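>>> Everything below, folded, please.
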Amino acid sequence: MEFLKSVFGEGALTFDEFAVGVAQNGLKLADLAAGGYVDKRKVAGRIAEMEEALRLRDEEDVRRSEDALLTRRIVECVGDRKFAGEYVKNAVISDVKALLAQDGTRSVKEAFAEVVGDKEGVFVSQNPAVVMDGIGSVETAFRNGDAIRHVMGLGTINN
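Next up is the predicted model:
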């Protein structure tokens, strides 16, 4: 409260004397209950920061939604096929996005076809290999060669 000594001096003042003293000493008084204590420059600076943060967040939201839409369109190109794995799927999506970023004249389907092409191993085979059980051990009645030769109408080896 030392700053008020320049207004009051050593004695009491009337309201008019107080108002003149405040003006002469360059003091600014504010009603704290009404929020008059906030520096407008600080508030304006903070508002500008918050507006910039909101603008950046909105831009990021738009970018993410566009990226999600593009990803969905790329996955739709797969049709009823299935990727060989999550790693392959992510690699194909990334390559298609990169190709579209380089050349914006291609459609998503064209870029997908160029990336995938006739490459093997991108998709799970639609004709999976048949798993066959082994034949196990085979028992034959003809364990010695002479019996087999006899069936064939040949003479025996052991005369």
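>>> contacts and neighbour counts: CA atoms only from here.
OK.
>>> Now do the helix or strand containing residue 149: distance to the chain's middle.
Assigned by DSSP states H and E, residue 149 belongs to helix 145-151. In this view, helix 145-151 has its centroid 73 Å away from the chain centroid, taken as C-alpha atoms, centre = their mean, to the nearest Å.
>>> again with stretch 40-54
Distance of stretch 40-54 from its chain centroid, counting by C-alpha atoms, centre = their mean, is 29 Å.
>>> How many neighbouring residues does the residue nearest to residue 81 when sequence neighbours are not counted have?
Of all residues not flanking residue 81 in the chain, residue 123 sits nearest, at 6.5 Å (C-alpha to C-alpha, 6 or more residues apart in numbering). The burial count assigned to residue 123 is 16, neighbours taken as other C-alpha atoms under 10 Å.
>>> what about residue 111, neighbour count?
Residues near residue 111, counting by other C-alpha under 10 Å: 21.
>>> Residue 97 too?
Neighbour count for residue 97, taken as other C-alpha under 10 Å: 19.
>>> on that earlier part again, and the residue nearest to residue 81, what is it in contact with?
Counting by C-alpha atoms under 8 Å, 6 or more residues apart in numbering, residue 123 touches 81-84.
>>> which one of the residues you listed sits closest to residue 37?
residue 83 (63.3 Å; C-alpha to C-alpha).
>>> Surely the closest one is in contact with residue 126?
No: taking contacts as C-alpha atoms under 8 Å, residue 83 lies outside contact range of residue 126: 11.1 Å.
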